[in-house]
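Peer 1: no sequence on hand, only this structure:
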């Protein structure tokens, strides 16, 4: 504030932050498009999401190159170094989110055009909505350096897990009702699982962002709430 | 060879390499134990694998701390910096392998004690065997700096994908035969998928190791062979 002496280090870190923001925007676009493609059987949208992943990978390589050059050139200490290493890690999580969205998009064809039951579509849309809010939130809080909000954001991942458990159970029900549903439901199960995993990557990003800003770890994570791995066999 | 002047940088990088080796050994142990727990319904072994994951996480934190301290203290340039950043990335992949093994272990209870059909057990064991060979191979080649072998190692991931596709299809068949199989088969499906993903992390490690050693990227990856996302719905 009032300090107009911007060092080159800060400028270069600003460029890295802009890449994080770009990757976050792209991650949102890809997740949103993959789920719309899935629920509307939209092959063109699915194809675009698959192509977008190459852009995501290129952004990550650019960020990595910038970050490593910055470390080598400026030889930052302590807090600055933490910021650069943290950015590399966050970019890794965003890239994985892109991969998971691409994986959803690749399943659009396998799920096929049979209409998805309405309550199931709603469940998957609800998960997707929560996930998109989380991605946008964590990138906003990182770029604007709002460490205090990250704890609540991480806690909100629980809602995604609850929704995932509901979708998982509903999918099992459809599979049991009619074996002809099994293949499509299996692919939808992986799609729902991917959304749940995207939530976990957001959690990682929140933890990294907190560490970058404060130099401290967020308190140990809440116990994982994905109950589906505890579901007893029928 | 014959050069007895070991710099502190090399010593510290050696300590980081030993941590990579430890994490690789632990990853192997966890994957092997999780699959044995799954196929033998061994609750104690499953619990040990879940506990091992905390050790894996601690190893990764130790490696990260050492690596960041090393960068800050020695301010390495170019090739040395690449080695340290590469080690951070490889540790990230090994830690994810531990997570995936833990996730398999957590499903042991849900899969239950109903005997798994023999051909299915064989398929999952075959996947697990391939995966263990890949983990051991990539860590060996990294620690002994054998860049030339990494391309063939990465190509061998295709065998895991082929085996995964076979297991996937067999699981669908069992689900269609009898709806009472569906819940257990769904968990086995996630376990098989986790093994396939562990293979992908080995691929990442191979690519990182190659970059550390040569400063060049391995040529773009072969097209992904997981055919299951293309399987048409029944």
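Peer 2: Looks like it arrived, so ask away. Computed from a prediction, not measured in an experiment: that's the story for all the values here.
Peer 1: can you give me the helices in chain A?
Peer 2: Applying DSSP state H to chain A gives helices spanning A:8-40, A:43-74, A:78-106, A:108-111, A:118-143, A:150-155, A:157-177, A:182-214.
Peer 1: mean confidence for stretch A:14-24?
Peer 2: Stretch A:14-24 carries an average pLDDT of 97.
Peer 1: for it, give me every contacting residue.
Peer 2: A:56, A:59-60, A:62-63, A:66-67, A:70, A:84, A:87, A:90-91, A:94-95, A:98, A:135-136, A:138-139, A:142-143 (C-beta atoms under 8 Å, 6 or more residues apart in numbering or on different chains). Yep, even glycine has a C-beta here, placed from its N, CA and C like the rest.
Peer 1: ok, of those residues, which come out buried?
Peer 2: By neighbour count, with 16 or more other C-beta atoms under 10 Å in any protein chain shown, the contacts of stretch A:14-24 hold A:56, A:59-60, A:62-63, A:66-67, A:70, A:84, A:87, A:90-91, A:94-95, A:98, A:135, A:138-139, A:142 as buried.
Peer 1: is any residue of stretch A:34-50 near chain B?
Peer 2: No - against chain B, stretch A:34-50 shows no contacts by C-beta under 8 Å from any C-beta of the partner chain, the least distance being 10.7 Å.
Peer 1: please point out which parts of that stretch sit buried.
Peer 2: Neighbour-count burial for stretch A:34-50, with 16+ other C-beta under 10 Å as criterion, is recorded at A:34-39, A:41-42, A:45-46, A:48-50.
Peer 1: export those residues as CSV, with columns for pLDDT.
Peer 2: CSV is the format used below for these (pLDDT from 0 to 100):
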residue, pLDDT
A:34, 98
A:35, 98
A:36, 97
A:37, 97
A:38, 97
A:39, 95
A:41, 94
A:42, 96
A:45, 98
A:46, 98
A:48, 98
A:49, 98
A:50, 98
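Peer 1: Throw these into a markdown table and include distance to residue A:109, thanks.
Peer 2: Output for the buried residues of stretch A:34-50, formatted as a markdown table (distance: C-beta to C-beta, whole Å):
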| residue | distance to residue A:109 |
| --- | --- |
| A:34 | 13 |
| A:35 | 15 |
| A:36 | 15 |
| A:37 | 10 |
| A:38 | 10 |
| A:39 | 14 |
| A:41 | 9 |
| A:42 | 11 |
| A:45 | 12 |
| A:46 | 7 |
| A:48 | 14 |
| A:49 | 12 |
| A:50 | 11 |
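Peer 1: can you say which two of those are spatially most distant?
Peer 2: Using C-beta to C-beta, these span at most 16.9 Å, a distance reached by A:39 and A:50.
Peer 1: tell me the contacts of residue A:137?
Peer 2: Per C-beta under 8 Å, 6+ apart, neighbours of residue A:137: A:149, A:153.
Peer 1: hang on, I meant residue A:101
Peer 2: Taking C-beta under 8 Å, 6+ apart, we find residue A:101 in contact with A:27, A:30-31, A:33-34, A:49, A:52-53, A:194, A:198.
Peer 1: for it, give its distance to chain B.
Peer 2: 13 Å (C-beta to the nearest C-beta, to the nearest Å).
Peer 1: what's the closest non-adjacent residue to that residue?
Peer 2: residue A:30 (3.8 Å; C-beta to C-beta, 6 or more residues apart in numbering or on different chains).
Peer 1: I'd assumed residue A:99 was in contact with that neighbour.
Peer 2: No - between residue A:30 and residue A:99 there is no contact under C-beta atoms under 8 Å: 9.4 Å.
Peer 1: so for those two, which residue has more residues nearby?
Peer 2: residue A:30 (27 against 18; other C-beta atoms under 10 Å in any protein chain shown).
Peer 1: list the contacts for that one?
Peer 2: Counted by C-beta under 8 Å, 6+ apart, residue A:30 has contacts A:49, A:52-53, A:56, A:97-98, A:101-102, A:105.
Peer 1: just residue A:138 next, same as before
Peer 2: Each residue near residue A:138 by C-beta under 8 Å, 6+ apart is listed here: A:24, A:150, A:153, A:202, A:205-206, A:209.
Peer 1: got any ranges where chain A has weak pLDDT?
Peer 2: Scanning chain A for pLDDT under 70 picks out the ranges A:1-7, A:221-227, A:229-234.
Peer 1: who touches residue A:72 in this structure?
Peer 2: B:76-78, B:81.
Peer 1: near chain A, from the residues you listed?
Peer 2: Applying C-beta under 8 Å from any C-beta to the contacts of residue A:72, those adjacent to chain A are B:76-78, B:81.
Peer 1: just the buried subset of these, please.
Peer 2: In terms of neighbour count (16+ other C-beta under 10 Å), the buried residues within the ones next to chain A among the contacts of residue A:72 are B:76, B:81.
Peer 1: can I get the helices of chain A in CSV including distance to residue B:109?
Peer 2: As requested, the helices of chain A are exported to CSV (distance: least, C-beta to C-beta, whole Å):
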stretch, distance to residue B:109
helix A:8-40, 31
helix A:43-74, 35
helix A:78-106, 26
helix A:108-111, 29
helix A:118-143, 25
helix A:150-155, 27
helix A:157-177, 16
helix A:182-214, 18
